[in-house]
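In: task: produce atomic coordinates for the following.
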Amino acid sequence: MTTRQIAAGLTTLAWLLAPAAHAQDDVPPGITEPFSLAPFVPLETLCSTPPGLQHSLAFVQDNRREFMEGVGFGLSRAAADSGLAYSNVLANDDAALMIEQVEALRADAVGAVVVAPIDPRSLTPSLQAIIAQGTYVGAVVPPPAVTILNAPQYLTGKTLAEAAARYVEEELGGQAKVVLLTHDSLQFLAPRFRAMRDVLGNLPGVTIVADISPTPVSEEGGYATMKTILLAQPDVDVVLGADTVVLGALRALVETGKVRPDQFLGGIDGEPDAVAALQSPDSPYKATVSLASPIFGYALGRYAADWLSGKSVPQAMDVLPSLLTPDNIAQYQADLADPAQVWNDITRRDSYLRMYGSICYDTRAGYLNFAWSSEN
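Out: As a prediction, the model looks like this:
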């Protein structure tokens with residue numbers, strides 16, 4: 001056990017033994033200094049079950065992009081399989097509304113919440129308060145949370161960029177004009193774009209003609225940004241970014257007559273529309289990196305149920321990147337359609353997910369409140 005883990009345990013003990021009720025002012029800060037988590041091992045003995053909470057799971061969703069819809073699908077399936085009531089609240093990219101939604105769920109004593117934060121900093125006090133209340137909180141990337149879901153972001157970006165680099169060398173003679181549609185404003189995702197720059201920077205014939213974050217980071221944002229880029233750079237060979245923005249860029253290329261079958265468009269998230277584009281004949285959409293949101297959504301939902309039953313759950317979970325090709329898409333789509341089968345098959349589950357750390361209701365003061373990544 002590390003010094004930080006011992007300190008976190010002492011903080012938990014002192015907080016739980018405090019005679020006063022835990023008001024919002026008494027919310028512990030959680031673990032704020034980064035440290036490495038050991039692989040998840042469930043505790044053999046049960047913890048306490050959270051008192052006074054509903055046996056329910058709510059997804060606080062940032063927007064309706066396909067990746068997040070996949071999270072909701074997995075959560076709803078897990079809730080049904082675990083006997084939890086399920087609800088979904090949509091913030092529509094409104095950070096203030098998301099705070100109100102989390103506060104309402106806390107007032108309703110909802111047992112478990114999974115959230116995709118819009119503005120992590122402003123949402124933090126509300127999430128800390130609901131964790132202190134005993135509610136399970138799973139977060140898609142930013143802290144704080146009982147369980148943080150992240151991807152090895154540098155590896156994710158590297159996986160896509162290496163596929164693009166191979167294509168440039170083998171199909172484009174080593175010469176390419178590249179557009180990077182980034183999300184550097186969200187620090188937790190910045191490593192994936194650093195990896196793209198690192199990989200492509202090793203190719204002397206590659207020129208990055210645009211490196212920009214669309215506003216908003218959505219299909220419409222990607223569409224508008226790409227149309228602007230094409231005014232200055234009408235001949236683009238490679239476009240990389242999240243699937244949602246690259247799909248918008250594809251629409252812009254089609255509308256302006258600048259699309260070519262020998263282009264390489266590649267995205268991250270394995271969204272259904274990207275998979276469909278990948279399978280289309282003569283499509284410039286050549287690759288998508290799967291982060292299997294229905295599968296990790298299902299896992300978060302099952303851990304929410306475990307938490308409410310007094311079991312230990314991981315403090316963090318990696319969703320592992322895998323490059324989708326026409327050869328493996330069929331199995332991938334089958335897995336997304338039935339995440340319960342993946343969950344129940346340990347070998348298949350381990351190909352998508354990796355769990356770290358251990359926490360339960362009794363030790364909840366040791367929740368993670370730093371930008372966790374298995375790569376750090």
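In: looking at the chain, which helix or strand is least sure?
Out: In the chain, no helix or strand scores lower on mean pLDDT, DSSP states H and E than helix 3-17, which sits at a mean of 47.
In: give me the mean pLDDT for the helix or strand following that one.
Out: Proceeding N to C from helix 3-17, the next assigned helix or strand is strand 56-61, under DSSP states H and E. Mean pLDDT, strand 56-61: 98.
In: ok, stretch 339-351 next?
Out: pLDDT averaged over stretch 339-351 gives 96.
In: so for it, first residue to last residue, what's the gap.
Out: By Cα to Cα, to the nearest Å, the extent of stretch 339-351 from end to end equals 13 Å.
In: give the buried residues for that stretch.
Out: Using 16 or more other Cβ atoms under 10 Å as the test for burial, stretch 339-351 gives 339, 342, 343, 349. The way it works is simple: take the backbone N, C-alpha and C, and place the C-beta from them, glycine included.
In: tell me how far it lies from the chain's centre.
Out: Centre-to-centre, stretch 339-351 and its host chain are 18 Å apart (Cα atoms, centre = their mean, to the nearest Å).
In: just the strands in the stretch 101-250 of the chain please.
Out: Using DSSP state E, counting those that start in this stretch, the strands found in the stretch 101-250 of the chain span residues 112-115, 136-140, 147-150, 176-181, 206-212, 238-242.
In: who does the first one pair up with?
Out: Partners of strand 112-115 in the sheet, by DSSP bridges, are strand 56-61 (parallel), strand 136-140 (parallel).
In: that older thread, and of the buried residues of stretch 339-351, the nearest to residue 136?
Out: Nearest to residue 136 out of those is residue 343 (Cβ to Cβ; 17.1 Å).
In: show me what contacts the closest one?
Out: Neighbouring residues of residue 343 by Cβ atoms under 8 Å, 6 or more residues apart in numbering: 295, 298, 299, 302, 349.
In: who touches the third one in this structure?
Out: It stands for residue 299. By Cβ under 8 Å, 6+ apart, the neighbours of residue 299 are 74, 78, 317, 339, 343, 349, 353.
In: let me know the closest of these to residue 188.
Out: Here the nearest of the contacts of residue 299 to residue 188, counting by Cβ to Cβ, is residue 317; it sits at 14.3 Å.
In: that closest one contacts residue 353, doesn't it?
Out: Yes: here residue 317 reaches residue 353: they are 6.0 Å apart, a contact under Cβ atoms under 8 Å.
In: what residues sit buried inside stretch 223-242?
Out: Residues of stretch 223-242 classed as buried: 223-227, 229-230, 233, 236-242 (neighbour count, 16+ other Cβ under 10 Å).
In: from start to finish, how long is it in a straight line?
Out: End to end - Cα to Cα - stretch 223-242 spans 13 Å.
In: now the helices for the stretch 101-250 of the chain?
Out: With helices called from DSSP state H, counting those that start in this stretch, the stretch 101-250 of the chain shows them at 120-133, 153-171, 190-200, 219-232, 243-255.
In: okay, and the common contacts of residue 317 and residue 353?
Out: Common contact partners of residue 317 and residue 353 (Cβ under 8 Å, 6+ apart): 296, 299.
In: more crowded one of those two?
Out: Higher neighbour count among residue 317 and residue 353: residue 317, with 24 against 20, using other Cβ atoms under 10 Å.
In: adjacent strands (with direction) for the helix or strand harbouring that one?
Out: Assigned by DSSP H and E, residue 317 belongs to strand 316-319. Taking DSSP bridges as the criterion, strand 316-319 sits next to strand 147-150 (parallel), strand 353-356 (antiparallel) in its sheet.
In: could you pull out the buried residues of stretch 87-99?
Out: Buried residues in stretch 87-99, counted by 16+ other Cβ under 10 Å: 87, 88, 89, 90, 91, 93, 98, 99.
In: low-confidence stretches in this protein?
Out: 1-25 (pLDDT under 70).
In: tell me which of the buried residues of stretch 223-242 is nearest to residue 52?
Out: Distance to residue 52 across those (Cβ to Cβ) is lowest for residue 242, with 39.5 Å.
In: which residues does the nearest residue to the closest one once chain neighbours are set aside bridge with?
Out: Leaving aside its sequence neighbours, residue 242 sits nearest to residue 268 (Cβ to Cβ, 6 or more residues apart in numbering; 5.3 Å). Taking DSSP bridges as the rule, residue 268 bridges to residue 242, residue 289.
In: residue contacts, residue 268?
Out: With Cβ under 8 Å, 6+ apart, residue 268 has these contacts: 156, 157, 160, 192, 241, 242, 243, 288, 289, 291, 321.
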